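Chemist: Provided below are the primary sequence and the corresponding predicted coordinates.
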Amino acid sequence: MRDMEKKLKILTYGCQMNVADSERMAGLLKKIGYTLTDDAEDADLILINTCCVRATAEDKVIGQIGRFKTLKQKKPSLILGVAGCMAQKEGENLIKRAPHIDFVLGTGQSSEVARVVESLERERKHFIDTSNVSGEIPSEVFPLRGGKVSTFIPIMYGCNNFCTYCIVPYVRGRERSRPPEEIFSEVKQAVAEGFKEITLLGQNVNSYSGGMSFAELLKAVDKIAGVERLRFMTSHPKDLSDELIAAIAGGKNICEHIHLPVQYGSDKILKRMNRVYTVEKYLRLVEKIRAAIPDVSLTTDLIVGFPGETEEDFKETLDFLREVKFDAAFTFIYSKRSGTPAATFENQIDDATKHRRLEELMSVQNEISLEKNLALKDSVVEVLVEGASKTDEKIFTGRTRSNKLILFEHGKENAGELVNVKISQAQTWLLKGKAI
């Protein structure tokens with residue numbers, strides 16, 4: 001098999017950090033002759049980059065691994081690898097469960113993927129490495145980026161917060177920050193490739209410690225020529241500084257959108273989650289943000305069904321939602337993760353109660369989201385064009401600076417352009433309008 005003929009299929013589950021990791025592994029594999037394919041049956045190498053934050057993500061991975069067993073039986077030369085957070089968590093157990101897996105790479109070893117694959121091309125045997133979870137970040141990266149307009153650039157890895165429900169510190173390791181010069185270089189590389197929107201990534205970007213504060217880093221990236229939109233995620237409320245608020249308010253290309261996960265709306269549950277702030281402190285922070293950035297869009301994450309959650313706790317959270325009025329919320333049912341403190345807590349909540357509360361929570365938030373969007377009707381917003389809709393090529397999609405999804409009729413616009421759109425219709429999750 002000549003190098004030019006080698007095909008790679010990557011499946012990515014989980015967060016934006018996993019997307020960025022997959023792009024980096026694809027770039028490394030490109031250097032040894034692999035090109036991307038969407039067809040698993042055409043692939044010589046299938047790489048599954050995994051998530052283990054929730055049980056549903058793990059279930060999807062296990063199902064996918066099972067489906068590839070038949071493909072490997074038909075094509076014995078196929079190399080099947082598993083990387084990412086679930087690989088870090090399960091390690092050898094994955095191969096015990098599914099011996100048709102050829103290699104397992106933990107989160108600290110993704111930079112070794114090309115070396116491992118070359119070794120397996122020469123001699124087929126199981127390879128497992130989940131070491132170096134908090135090790136050095138590779139200085140050279142060669143991401144093979146997806147998309148055409150927006151891209152993710154990690155500025156740090158790992159997490160030191162140890163929320164009681166979260167597996168991330170155990171599978172991603174302690175916080176490590178990339179040097180600013182490497183980040184600036186990668187941003188310039190992305191701009192040279194044609195990307196207009198940059199999102200700086202970290203489990204908690206506010207903890208960035210690469211020789212300057214995160215606010216200073218954000219302002220420096222904002223000055224790089226060619227960056228037309230600048231975003232970041234995710235922020236921990238306990239660390240969001242006045243300096244960062246001022247940087248967003250005074251920025252040229254820094255978007256007026258902050259994703260600020262609160263997780264819950266009662267002090268009792270926040271304490272059990274080890275979130276290290278109170279509802280009152282969070283509310284004061286929201287007031288401060290909105291005073292400095294009047295047009296800001298605030299989104300959040302919320303978990304229902306956490307161990308010990310009572311009806312009173314849940315009612316407090318609904319009241320909290322009505323007070324804050326987030327533009328949108330990503331809502332989740334608590335998922336017990338082995339190895340986390342919350343998995344051993346008493347008073348676990350039954351599934352029926354979890355689902356009932358989730359539906360009620362979503363109903364309240366959907367009303368708020370629709371109210372927020374209706375307020376934008378007849379206004380004119382700046383939209384970064386992403387391209388044609390997946391369901392109708394006559395309709396183009398894009399996002400506002402506040403991260404609202406916009407649909408509008410296609411005229412002469414091209415992906416990557418900034419256009420003004422007048423909003424004519426508002427729905428819960430999106431806006432519709434006409435380019436002017």
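Modeler: Thanks, I have it.

Chemist: who's in contact with Arg357?
Modeler: Val304, Gly305, Glu309, Phe314 (CB atoms under 8 Å, 6 or more residues apart in numbering). (Glycine included, C-beta is placed from N, CA and C.)

Chemist: before we move on, what about Glu41?
Modeler: Counting by CB under 8 Å, 6+ apart, Glu41 has contacts Leu71, Lys75.

Chemist: for Glu312, what are phi and psi?
Modeler: Note on Glu312: backbone dihedrals following degrees, to the nearest 10 are phi -70, psi -40.

Chemist: what about the residue nearest to it when sequence neighbours are not counted, distance to Ser379?
Modeler: Excluding its sequence neighbours, the residue lying closest to Glu312 (CB to CB, 6 or more residues apart in numbering) is Ser266, at 7.8 Å. Between Ser266 and Ser379 the distance is 35 Å, computed by CB to CB, to the nearest Å.

Chemist: between these two, who's got more neighbours?
Modeler: Ser266 (21 against 12; other CB atoms under 10 Å).

Chemist: the more buried one against Val279, yeah?
Modeler: Yes. Ser266 lies in contact with Val279 (CB atoms under 8 Å); the separation is 6.8 Å.

Chemist: show me the strands in the stretch 51-200 of the chain, by range?
Modeler: Counting by DSSP state E, counting those that start in this stretch, the stretch 51-200 of the chain has strands at residues 79-84, 103-105, 127-129, 150-154, 156-157, 176-177, 197-201.

Chemist: returning to that earlier point: what touches both of Ser266 and Val279?
Modeler: What both Ser266 and Val279 touch, as defined by CB under 8 Å, 6+ apart, is the set Glu316, Phe320.

Chemist: which residues sit against stretch 286-300?
Modeler: 240, 242, 245-246, 248-249, 256-262, 324, 326-330, 402-404.

Chemist: between the two ends of that stretch, how far is it?
Modeler: 12 Å (CA to CA, to the nearest Å).

Chemist: buried residues in it?
Modeler: Residues of stretch 286-300 classed as buried: Val286, Ile289, Ile293, Val296, Ser297, Leu298, Thr299, Thr300 (neighbour count, 16 or more other CB atoms under 10 Å).

Chemist: re the thing from before, quick one, what contacts the residue nearest to Glu312?
Modeler: Ser266 makes contact with Val279, Glu312, Asp313, Glu316, Thr317, Phe320, according to CB under 8 Å, 6+ apart.

Chemist: got the contact list for the third one?
Modeler: The neighbours of Asp313, taking CB under 8 Å, 6+ apart as the test, are Tyr264, Ser266, Lys268, Ile269.

Chemist: got it, and the first one?
Modeler: Residues touching Val279, when contacts are defined by CB under 8 Å, 6+ apart, comprise Gly265, Ser266, Asp267, Leu270, Glu316, Phe320.

Chemist: distance-wise, check it relative to Ser297.
Modeler: Relative to Ser297, and taking CB to CB, Val279 is found at 21 Å.

Chemist: same question, the fourth one
Modeler: Relative to Ser297, Glu316 is positioned 24 Å away (CB to CB).

Chemist: one more: the fifth one?
Modeler: When distances are taken as CB to CB, Thr317 and Ser297 turn out to be 21 Å apart.

Chemist: the nearest residue to Thr56 once chain neighbours are set aside sits in which helix or strand?
Modeler: Among residues not flanking Thr56 along the chain, Ser335 sits closest, at 7.2 Å (CB to CB, 6+ apart). Here Ser335 sits in a region with no helix or strand, counting by DSSP states H and E.

Chemist: quick one: the strands in the stretch 201-350 of the chain?
Modeler: With strands called from DSSP E, counting those that start in this stretch, the stretch 201-350 of the chain shows them at 229-233, 257-259, 297-304, 328-333.
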